[in-house]
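Asker: Give the three-dimensional model of this entry:
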Amino acid sequence: MNENLKKIFKIREVPLFIFIIIVGILGSFISPYFLLSANFSAVFLGLSLDAIIVIAMCMLLISGGFDLSVGANLAFSGMVCAICMANFGMPWPIACVVAISCGTMVGVANGLMVTRFYVNPLIATLGMLTIVRSLVLIISGDRAMSSFPKAFQLIGQGKIFGIPNPIWIFILFVILAEFVLRTMKMGRLPFFVGSNPQAAELSGLRVKRIQFILYALCGCAAGIAGVVSTARLNAAFPLAGNGAELRIIAAAVIGGCSLSGGQGSIIGAFLGVVLMAMINNLLILTGVPVYYQGLVAGLVLIGAVGFDEYSKRRRGEIRS
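Answerer: All right, here's what the predicted structure looks like:
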């Protein structure tokens, strides 16, 4: 029985799930509103955008890459969608396709810089973050846009069986991505690439193509999140998604993804998003100023990366 318990707790998601339960119990003592169904619905609705992006970010991290431009891309895609409807009179379905395509092209640009021009992912995606943030301010004139068709608003404000649509969207994506990673041959490719790119190349895998596709997928996820954000708020804001990249990468690392690649799971990354959202929600309920949320996210990210590096050294994967 003890051996079975040890095997269970070696699964990264199990301790994380238990920790989430502990945070929930502690939260109920800290604030009487924390465990209310209305609050939980608000928490899951609030984390829906991060959850959509973290799915693609998780696969990218597994392959050994990362994308710091996803928050800016979210704002860019949402603003493109708003401009297409408000300024160019496009039907909302076409505007959504254009916006998601623009988000995907940002990911394509990142992929080209990293895989074809061999730019360091940190420099490539950080530079893209700055470029896209500036683009959003340019095309919007540093103004928010609002008031869109009712049918479009249903994407973010509608409900099915009493559950908001954004929650259904990320649940669908989580299930689909987890199925692909665990059961399909193509789902193992990011693990092969992230674990040992040279060996994967020698075994016949097109490493650069796989990484390029994953960068494009990350851009597409940010584009989808941007559309959902605009529909949910019935408005597009130039600074939407500010700091999202920090929360998303922190959540993925907490969930078991390694910054050096080769490790991670969709469920773990999703649980990481849930934990980050619960902590932020507790800060809000206890009256802690919103500015402290970034402080907490940064500390959690440093702690998670430090724990990951410590675990590797204990397993002998890294030499001192």
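Asker: for the residue nearest to Ser195 when sequence neighbours are not counted, what are its contacts?
Answerer: Of all residues not flanking Ser195 in the chain, Gly262 sits nearest, at 3.6 Å (Cβ to Cβ, 6 or more residues apart in numbering). Quick note: C-beta positions are derived from backbone N, CA and C, even for glycine. Shown in contact with Gly262 (Cβ atoms under 8 Å, 6 or more residues apart in numbering): Ile62, Gly64, Phe191, Gly194, Ser195, Asn196.
Asker: again, but for Ile94
Answerer: Cys84.
Asker: ok, now with 10 Å
Answerer: Applying Cβ atoms under 10 Å, 6 or more residues apart in numbering, one finds that Ile94 lies in contact with Cys81, Cys84, Met85, Phe88.
Asker: Save the residues you listed as JSON lines, and put in pLDDT, distance to Gly111 and neighbour count too.
Answerer: Listed next are those as JSON lines, based on pLDDT from 0 to 100; distance: Cβ to Cβ, whole Å; neighbours: other Cβ atoms under 10 Å:
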{"residue": "Cys81", "pLDDT": "97", "distance to Gly111": "22", "neighbour count": "32"}
{"residue": "Cys84", "pLDDT": "96", "distance to Gly111": "24", "neighbour count": "20"}
{"residue": "Met85", "pLDDT": "96", "distance to Gly111": "28", "neighbour count": "24"}
{"residue": "Phe88", "pLDDT": "92", "distance to Gly111": "28", "neighbour count": "10"}
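Asker: quick one: which of these is nearest to Glu245?
Answerer: The shortest approach to Glu245 among the contacts of Ile94 belongs to Cys81, at 20.1 Å (Cβ to Cβ).
Asker: In contact with that closest one, which residues are there?
Answerer: 90, 92, 94-100, 102-103, 145, 148, 152, 223, 226-231, 236.
Asker: Is it in a helix, a strand, or coil?
Answerer: Put simply, Cys81 is helix when judged by DSSP: H, G, I helix; E, B strand; the rest coil.
Asker: how close does it sit to Ile20?
Answerer: For Cys81, the distance to Ile20 (Cβ to Cβ, to the nearest Å) stands at 33 Å.
Asker: same check, this time on Phe34
Answerer: 13 Å.
Asker: hey, what's in contact with both of these two?
Answerer: Common contacts of Phe34 and Ile20, defined by Cβ under 10 Å, 6+ apart, comprise Met278.
Asker: Between these two, tell me which one has more neighbours.
Answerer: Phe34 (21 against 15; other Cβ atoms under 10 Å).
Asker: Tell me the secondary structure at the more buried one.
Answerer: The three-state assignment at Phe34 reads coil, by three-state DSSP.
Asker: ok, it - contacts?
Answerer: Residues near Phe34 by Cβ under 10 Å, 6+ apart: 23-28, 40, 43, 278, 281-282, 285-286.
Asker: what two of those residues are the furthest from one another?
Answerer: Most distant of the contacts of Phe34, by Cβ to Cβ, are Phe40 and Thr286, 16.7 Å apart.
Asker: Among the two, which residue is more densely surrounded?
Answerer: Phe40 (14 against 11).
Asker: and that one, what does it touch?
Answerer: Applying Cβ under 10 Å, 6+ apart to Phe40 gives the contacts Gly24, Phe34, Met278, Asn281.
Asker: what's the closest of the residues you listed to Gly303?
Answerer: Taking Cβ to Cβ as the measure, Gly303 lies nearest Met278 of the contacts of Phe40, at 16.0 Å.
Asker: what's the nearest residue to that closest one if we skip its chain neighbours?
Answerer: In this structure, Met278 finds its nearest non-sequential neighbour in Val23, 5.4 Å apart by Cβ to Cβ, 6+ apart.
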